[in-house]
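S.K.: Structure for the following, please:
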Amino acid sequence: MNKRILVISSLLTLGFFGANAHAMDVHATFNELDKDSNGTLSEAEAGEDAVLHENFSQIDTNQDGQLSLDEFKKFIQ
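M.R.: Residues are numbered from 1 along each chain as shown. Here you go, the predicted model:
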């Protein structure tokens, strides 16, 4: 498991970044998790982060089996 992703996710969740840094880190984290670069996160890709994996079905608000960047952003906020 990538420790950088867990650390960034934790820091974002706790609000340690300003708004601009937060937006850049959200995009960077999403892109790092999106291994196939298709613009969504599969459950397998989300499995790289324990928090995302545990909450996948709640984050996937449209229940399409993928996390969009918008769904990811809403979860992080």
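
S.K.: From here on, just use CA atoms for contacts and neighbour counts.
M.R.: Fine.

S.K.: Now do the helices in the protein.
M.R.: Taking DSSP state H as the test, the helices found in the chain are 3-14, 19-33, 43-46, 50-54, 56-59, 69-76.

S.K.: ranking these by mean pLDDT, which is last?
M.R.: Ranked by mean pLDDT, these bottom out at helix 3-14, with a mean of 57.

S.K.: and S68, how many residues sit next to it?
M.R.: 20 (other C-alpha atoms under 10 Å).

S.K.: For the nearest residue to it once chain neighbours are set aside, list the residues it contacts.
M.R.: In space, and not counting its chain neighbours, S68 is closest to T40: 4.8 Å by C-alpha to C-alpha, 6 or more residues apart in numbering. Counting by C-alpha atoms under 8 Å, 6 or more residues apart in numbering, T40 touches 34, 66-69.

S.K.: And stretch 37-55, end to end?
M.R.: 22 Å (C-alpha to C-alpha, to the nearest Å).

S.K.: list the buried ones in it?
M.R.: 40-43, 45-49, 52-53 (16 or more other C-alpha atoms under 10 Å).
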